[in-house]
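J.: quick one, structure for this:
(2 chains)
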Amino acid sequence: MTITELMPFSVLVPLIASLVCALLPGRFWPWAVTLAAAIASAIIAALTLPAAAQTTLSYAFGNWPPPIGIEYRVDAANAFVALLVAGMAAITLPWAKKSVDKEVPERQGTFYALFLLALAGLLGITLSGDAFNIFVFLEISSLATYGLIAYGSDRRALLASFRYLIMGTVGATFLLIGIGFLYVMTGTLNLHDLSERLPEVRDTSTVRAALAFIIVGMGLKLAMLPLHLWLPNAYTYAPSFVTVFLAGTATKVALYVMLRFVFTVFAPDWSFVVLPLSTVLMILGVAGMFAGSWVAMFQPNIKRMLAYSSVAQVGYMVLGVSLVSVVGLTAAFLHLFNHALMKAALFMAVGTVIYQVGSARIEQFRGLGRTMPWTLTAFALAGLSIIGVPLTAGFISKWYLIQAALDQGQWVLVALILITSLMAIIYIWRVIEAAWFKQREPDQQAVGEAPLTLLIPTWVLVALNFYFGIDTRLTVGGATAAAEALLSGGLLP
Amino acid sequence: MIDNDILRIVARFLIPLIMLFGLYIQFHGEYSPGGGFQAGVVFAAGWILFALIYGLDAALRVVPERAMYILMVAGVMLYCAVGVAGVMLGGHFLDFYPLLPGEHAAQQFGIITVEFGIGVTVATVVMLFFTLFARRKSQWEAAEVEDDQP
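T.: Predicted coordinates for the structure are as follows:
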């Protein structure tokens, strides 16, 4: 079996395992099957990445040759994102056992089945080379995600999930309208075929409208600033494990789809000229960085604070894209990877606190630095990464972002990136201040350190944050290859 | 609604026809318009009509809820099994040609099996939707009765 024949199984394994999970009773077996499927999927994705960096892999489903049949087309860009998604699932699942047992005591078979469907959907979006297939997988992962969020123990989780359902459906509909326009104009749905046929018809308002629809639709799914309203509530009220996984993967995959359309399907020398994309994305990215960080500084709920911080981090990625250079795109892909690591570590630390204390409000963190030193130290170290302190993964991606801005002489952007990093210090510091410099109130329950099954996976992720801050061969190499793969479609403007 | 003679007799007459029509769409799907999805919905509609006339409890004795869950998964499993069989026999996922010696026979076998899987899943999912909503109404009514008798 060659790697090309193996590659689609990173989607199929979670998909088939989710069916098994849906029927499994009890609390152990659904989790074990999920973990096994996620690890298998991650191994396949890890094997795919080096092969895809060499040459573009193409797998025709049912042996119907593309562009007629559905094709999985994998190059360095989607192999990188797929490895991130599958890897995050495999790394966070060992942490999930205890947390899910506490927050989702019943019907765990359905819970893990939905999780595997979301994972299969996200991987399918990344690997597929067919525009309509991407839409279908987007709906699979989104519908599963709405269900997962509604599992939250707080009743407001239902409202958050419903809100995300409305916004997410609008986003997916916009994507579908865009794809429909492209299909009307070219008669094909295969991404590669589209990119070859579009140049003939691209100076029409239909194709321009298609580009606009796709960007707005994916902007909704990736929580770009004015379209981010679904995200804070969804992340706050979802079960901790769902938040950990979504924060690391869902918005990233949406960003990848947007890049795939803007850079590969439409050539960047067209899409950045016909619409003022560069300016729009730059303004929205910077606005997102500021608004997200600013609102995060005043949130009493730490989960919500981190959710707003995610809006800010998406801003960094969008800013990297708006620079339309190899370094800028590399920075976007790097931050996509590194942000998943740091945000997952932070949400896991907060989830561990929720496991012990039962709430993520800032008052509940008082004095925890002494009673739960390992958990809170993990939070502080992951916080360093989100601030961008040297030797952490966050530093690497901000370094490349600043370099990309400097290449174009954009000194203002450099200043803005540094200012928002300072704002990150403030919101991370609030937690550290509460944990180490305040005493626990007498009426608050005393708590001890969290169990090792929660601590070890959290620390693994914290360690990865530092590992990828020092050894950047995988991240920078993968991100550069991904950026070059996307930009190979056309010349720079 | 079982007390109404007209409804009961018309339903008795229609339910077998609806189900037969569903099966026709299912197994004639590769020649004429139709297929697993439509067949599943039509078949489930027959069951829902039965549930409307004879009550949910009687309908659940015909197809228990647990069976719905199992069949729902079994249908997709059948689909995936055909897909994986193609890989096992040396082709791609959902490749029907390696399944049987003759080209046409292989395609026909593959399509009918896959569509049957879809039909089973769609029918049971529609039944499950109906069951969950219908049960909710009886739960509300039970809750209201409790409220009326403090």
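J.: ok, now which ones touch residue 122?
T.: Defaulting to chain A. Contact analysis of A:L122 by C-beta atoms under 8 Å, 6 or more residues apart in numbering or on different chains lists A:V85, A:F137, A:S141, A:T249, A:A250, A:V253. Where C-beta positions appear, they are placed from N, C-alpha and C, glycine not excepted.
J.: look at chain B instead
T.: Remark: with contacts taken as C-beta under 8 Å, 6+ apart, B:V122 is in contact with B:G36, B:F37, B:A39, B:G40, B:V41, B:A44, B:G75.
J.: next, A:S128: phi, psi?
T.: A:S128 adopts backbone torsions of phi -70, psi 150, taken as degrees, to the nearest 10.
J.: enumerate every residue touching it.
T.: By C-beta under 8 Å, 6+ apart, the contact set of A:S128 is A:I70, A:E71, A:Y72, A:R73, A:I134, A:F137.
J.: A:Q299: what secondary structure?
T.: Of the three states, A:Q299 takes coil according to DSSP: H, G, I helix; E, B strand; the rest coil.
J.: the residue lying closest to it once chain neighbours are set aside: which element?
T.: The spatially closest residue to A:Q299, leaving aside those adjacent along the chain, is A:M305, at 3.8 Å (C-beta to C-beta, 6 or more residues apart in numbering or on different chains). Using DSSP states H and E, A:M305 maps to helix A:302-322.
J.: just the mean pLDDT for that helix, thanks.
T.: For helix A:302-322, the per-residue pLDDT values average out at 93.
J.: and the longest helix anywhere in chain B, how far out from the chain middle?
T.: Looking only at chain B and at elements set by DSSP state H, the helix with the highest residue count is helix B:103-148. Using C-alpha atoms, centre = their mean, to the nearest Å, we find the averaged C-alpha position of helix B:103-148 to lie 6 Å away from the chain's own average C-alpha position.
J.: again, but for stretch A:369-382
T.: Using C-alpha atoms, centre = their mean, the mean C-alpha position of stretch A:369-382 is found 25 Å from that of the whole chain.
J.: check stretch A:103-116 too.
T.: In terms of C-alpha atoms, centre = their mean, the centre of stretch A:103-116 is found 21 Å from the chain centre.
J.: re the thing from before, narrow the contacts of A:S128 to those in helices?
T.: By the criterion of DSSP H, membership of those in helices covers A:I134, A:F137.
J.: which ones among the contacts of A:S128 come in contact with chain B?
T.: Within the set of the contacts of A:S128, contact with chain B (C-beta under 8 Å from any C-beta of the partner chain) is found for no member.
J.: get me the contact residues on chain B for chain A.
T.: So chain B meets chain A at B:69-70, B:72-73, B:76-77, B:80, B:83-84, B:86-87, B:91-97 (C-beta under 8 Å from any C-beta).
J.: go again using 10 Å as the cut-off
T.: Within chain B, the positions lying close to chain A (C-beta under 10 Å from any C-beta of the partner chain) are B:66, B:69-70, B:72-77, B:79-81, B:83-84, B:86-87, B:90-98, B:110, B:121.
J.: in strands, which of the residues you listed fall?
T.: In this view, the residues of chain B next to chain A have no member that belongs to strands under DSSP state E.
J.: give the buried subset of those as a ChimeraX selection command.
T.: Written as a ChimeraX command, the selection of buried residues from those, which uses 16 or more other C-beta atoms under 10 Å in any protein chain shown, is:
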select /B:69,72,73,74,75,76,77,79,80,81,83,86,87,91,92,93,94,95,96,97,98,110,121
